[in-house]
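# everything below, folded, please.
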Amino acid sequence: MSINKTLPYAGIRVVEFTHMVMGPTCGMILADLGAEVIKVEPIDGDKTRKLLGSGSFQCLIVIKKVLRLI
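Okay, the predicted model is just below:
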């Protein structure tokens, strides 16, 4: 018996222009479902990087590609 391990959004590319918590969380969920998520950030980076205490940015960026505009 073979099990199909293809994720539902495999082959879909998403360009993420969001910032702070909710937008990057959606990008993370899409990436977890197999989408290729490319995060585009402003020059000074995503404001989520500056949140104290939770380490949330590191959790949200794990499986994304990041493109910083210069």
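
# okay, and Gly45 sits in which element?
Following DSSP states H and E, there is no helix or strand that holds Gly45.

# now Thr25
According to DSSP H and E, Thr25 maps onto helix 22-32.

# next SSE downstream of that helix?
If you walk from helix 22-32 toward the C-terminus, the next helix or strand you reach (DSSP H and E) is strand 36-41.

# list the buried residues in that following strand.
Glu36, Val37, Lys39, Glu41 (16 or more other Cβ atoms under 10 Å). In this view, the C-beta of every residue, glycine as well, is placed from N, C-alpha and C.

# residues near Arg13, how many?
Counted with other Cβ atoms under 10 Å, the neighbours of Arg13 add up to 10.

# which strand residues bridge it?
Applying DSSP bridges to Arg13 gives these bridge partners: Glu36.

# so where's this protein uncertain?
Residue ranges of the chain with pLDDT under 70: 1-4, 51-70.

# repeat that for 80
Across the chain, residues meeting the criterion (pLDDT under 80) sit at 1-5, 19-21, 45-70.

# ok, Leu30 - contacts?
With Cβ atoms under 8 Å, 6 or more residues apart in numbering as the criterion, the residues that contact Leu30 are Tyr9, Ile12, Val14, Val37.

# drop anything exposed from these.
Listed as buried from those are Tyr9, Val37; burial here means 16+ other Cβ under 10 Å.

# and the contacts of Leu30, which is closest to Lys47?
Ranking the contacts of Leu30 by separation from Lys47, with Cβ to Cβ as the measure, puts Val37 on top at 18.2 Å.
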